[in-house]
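**Q** what shape does this take:
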Amino acid sequence: MVERFVGTWKMVTSDNFDEYMKALGVGFATRQVGNRTKPSLIVAMDDQGMISMKSQSTFKTTEIKFKLNEEFDETTADDRKTKTVVTLENSKLVQKQMWDGKETTVEREVTDGKLIAKCVMGDVVAVRTYVKEA
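**A** Down below sits the predicted model:
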């Protein structure tokens, strides 16, 4: 099921991302850069079930490697240190980040050839849409 996410995805739209970053506590300067950045998302999986997700842009590249349902330490693009777990729920990759008593989720799903990433922090929702590169 994870195979459908594998590949290189280029971001084409980003809605409400500034509000989402504010809800996370990201500072003004970092939000300005984050709002201008259109990262590519590169998803790969090896034979042992290890998944890697790399967010690559001219500003910053971050990468996480994980197995489904196993908690790991993540340092996010905005430098939060989180305990993160990624699960597969209803054909969505759900990434849950926990830090300082807070929690955010990023739900990724592939629909109509697009990868939709829904970022949720409390009642704030941002949606980022990616298309697969040929």
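**Q** from now on I want contacts and neighbour counts done on CA atoms only, so please keep to that.
**A** Will do.
**Q** how about the residue lying farthest from the centre of the chain, phi and psi?
**A** Ranked by distance from the centre of the chain (CA atoms, centre = their mean), the top residue is Asp47, with 22.4 Å. With angles defined as degrees, to the nearest 10, Asp47 sits at phi -70, psi -20.
**Q** could you check how many residues crowd around Gly122?
**A** Number of residues near Gly122 (other CA atoms under 10 Å) recorded here: 13.
**Q** and it, how far from Thr76?
**A** With distances taken as CA to CA, to the nearest Å, Gly122 is found 18 Å from Thr76.
**Q** check Glu103 too.
**A** From Glu103 to Thr76 the distance is 13 Å (CA to CA).
**Q** of those two, which one has the most company?
**A** Glu103 (16 against 13).
**Q** buried ones in the helix or strand containing the more buried one?
**A** Using DSSP states H and E, Glu103 maps to strand 102-111. For strand 102-111, the neighbour count (16 or more other CA atoms under 10 Å) marks Glu103, Thr104, Thr105, Val106, Glu107, Arg108, Glu109, Val110 as buried.
**Q** how about the second one: what's its closest non-neighbour residue?
**A** Pointing back at Thr104 there. The spatially closest residue to Thr104, leaving aside those adjacent along the chain, is Met121, at 4.8 Å (CA to CA, 6 or more residues apart in numbering).
**Q** spatially central, which residue of this protein would that be?
**A** Closest-to-mean residue, the chain, CA atoms, centre = their mean: Val106 / 5.7 Å.
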